[in-house]
Structure formats: structure tokens, C-alpha cells
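Asker: structure of the sequence below:
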Amino acid sequence: MSQPSLNKQAKVAVVTDSVAQVPVDLARQLGITVIPFTVQMDGRTYLDGIDIEPGELYHRMRQDHVSPTTAAPSLGEYQRAFSFCLRGGTQSVFCVSLSSKLSSGYTTACYAASATQQEFPGSVIEVFDSRQATISQGFVAIAAARAAMQGKSLAEVRQAAENTKQRVGFAATLETLEYLARGGRIGKAAYMAGSLLKIKPILSIDDEGVVAPLNRVRGECHALQCIVEYVAHKTADCSTLHLAVMEADNPDHAAQLEELALQTLRPVEILHSEFTPVMGVHAGPGVVGLGYYYE
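Answerer: Predicted structure coming up:
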């Protein structure tokens, strides 16, 4: 668990999980406590982003063809995070969860919140289903933390998260369909046909919080253009745009995507977010995409 220095002025402590991909320095600056998911590989369990770095995992997946698995934080891990926040002096905790449709983490966090509130009478712990993943979930946690740092109440922090939740999203493309095929998410025939035709699926997350296909194009350049066009369409009427370039061991294409995004979208802020090992296990190395938040 990433334990930042808690803001003594804040009435609310903000917690999220490692899938949110909040940049480490920003999480520390905003006082966000990050609970790691776990990666199981070669009979060992690693804490996402703590015991194993993304580069190491992607190297093993490419070179050794390992097939890691992942798991959400345990009940005890959520309880420890909530207790840490409450012992820091706050009476309220706001936990921004990965989409409940993608993981058991939301349900586990709710059980942990109930148990921890019994241990700390008078405390309030709220678990918020972001219906998002990756940096889109991260943008919700960042908005909540910024509101908390301003001394806002739990209700106001929740409203900041809710408002942001309606204005975030992402689009990403995969280097290969291999890892979707390994995980049983597409059939062998679809994998082979897609590989032969150099098909690049474009993925996003729908309103229900489920990862869904947006498009399929041929070639990396078309995929990057498609991502930027999708974000441009979703944010066409915005006055202020925040972006995050996401990548999993694919810095060259990430740089190309950033250049294209800067030329086309003109964001006021652009973050860099490395796909955590937990996300990389399912999508594979080579993923590149854009997360967005607009006002």
C-alpha cells in the first residue's frame, strides 16, 4: 500500500487502487492512498507496482511467454488502508473503486468499510464505484483528492467525483490479440485472422463500466488516429481538456500518440501513465492509449 503524508487540513481521506494508474508523484502530492492489486506469476505473488515493475513483467511476458494472473486486494488490505487514514486524524474516507463490473474489488471494499467503521465509531467510509478503469478511474480519484485538499466535506468530495465520472473515458489499442486469446476473451480463429490482417482493436469502457470494442483498424498509424478522433468526438464541446497518455512498454508509439494529440486536441494538461502490471496481464505489452477528462 502506498501511504502518503495525509493532509491535516483535509476532512476526507481519499483512497483508490493501483488500477487507477495515478502517477506516483501526483498521488503523493494529493495525499491519495493507493491499494495494490496483486499479480501471480511462477508461484509467487507480487504487489502491483511495488514488488514488480511494469518493465519486468512485460519483459517476462514477451521473452518467457509467462501467463500471469491477477487478484483484487483482500478484505484485510482494504481494512488496513482505511484504518491508516482514520488514524491519521480524519473521520471520513472516500474510496474510488475500479468498475464493479470488472473486479470483486468494489464488493470487498464495501465489506471492509463496514468492518472498519465498527472498529472506529463515528467514522464514515464511502466506497464509490467509478464505473471506470485505468487513468479514467484515476481522474475521478484525482478530482476527489483535490476537493478534499480544499477542505471540502464528504458530500462535496462525492459530488466532485460524480461530476468527473460523467466526463472521463479512454481509448486504447493493443499491439497483439495474443493476450486476449490466452485469457479466453476472443477465440483462436479470431486471433489468427486478426494477426494475419494486422488488425488493431480499439477498446474503451461503456456507461455500465464494461470494457467494450469501439472499432477495428489495420495498422498502428490508423489505430493512433482512430484513438485521437474518438477522444475529439467525445470532448467536442468542452472548454478545458485534460489528457493522459497510457502505454505498456511501447514508448515510441506513445510519443507518436502524444504528438498527434497535442496537434489535434490542445489539452491544458497531459499526464503520462504507465499501464500497471495488473492491466498489462490482460491486455499484454504494447498497449497505448489516451485517457481524458473534460470540463
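Asker: where does the prediction get shaky in the stretch 151-295 of the chain?
Answerer: Within the stretch 151-295 of the chain, the segments meeting pLDDT under 70 span 177-198.
Asker: kindly recompute the last result at 80.
Answerer: 176-199, 282-283 (pLDDT under 80).
Asker: now the helices for it?
Answerer: 154-165, 178-182, 188-196, 220-234, 251-265, 277-283 (DSSP state H, counting those that start in this stretch).
Asker: what's the most buried one of the ones you listed?
Answerer: Ranked by mean neighbour count, these are led by helix 277-283 with a mean of 25 (mean count of other Cβ atoms under 10 Å). For every residue, glycine as well, the C-beta is placed using N, CA and C.
Asker: what's in contact with that one?
Answerer: With contact meaning Cβ atoms under 8 Å, 6 or more residues apart in numbering, helix 277-283 is reached by 18-19, 21, 37-39, 46, 48-49, 52-54, 57-58, 61, 68-70, 133-134, 172, 174, 179-180, 183, 185, 248-249, 275, 287.
Asker: now stretch 112-124
Answerer: By Cβ under 8 Å, 6+ apart, stretch 112-124 touches 75-76, 78-79, 82-83, 86, 91-93, 95, 125-127, 154.
Asker: skipping its backbone neighbours, what lies nearest L98 in space?
Answerer: Among residues not flanking L98 along the chain, V19 sits closest, at 4.7 Å (Cβ to Cβ, 6 or more residues apart in numbering).
Asker: now the residue sitting furthest away from the middle of the chain: which helix or strand?
Answerer: Using Cα atoms, centre = their mean, the residue of the chain lying farthest from its centre is P121. It sits 31.6 Å away. Remark: P121 resides in no helix or strand, with elements defined by DSSP states H and E.
Asker: re the thing from before, could you verify my assumption that the residue nearest to L98 touches S273?
Answerer: No - if you go by Cβ atoms under 8 Å, V19 and S273 don't touch, sitting 11.2 Å apart.
Asker: more neighbours: which of these two?
Answerer: It is V19, of V19 and S273, that has more neighbours when counted by other Cβ atoms under 10 Å, with 30 against 23.
Asker: ok so, going back, among the contacts of stretch 112-124, give me the pair with the biggest separation.
Answerer: G76 and L154 (24.2 Å; Cβ to Cβ).
Asker: what's the distance between F120 and S18?
Answerer: The gap separating F120 from S18 is 24 Å, by Cβ to Cβ, to the nearest Å.
Asker: neighbour-wise, which of the two wins?
Answerer: In terms of neighbours (other Cβ under 10 Å), S18 is the more surrounded of F120 and S18; the figures are 24 against 16.
Asker: understood, closing this out.
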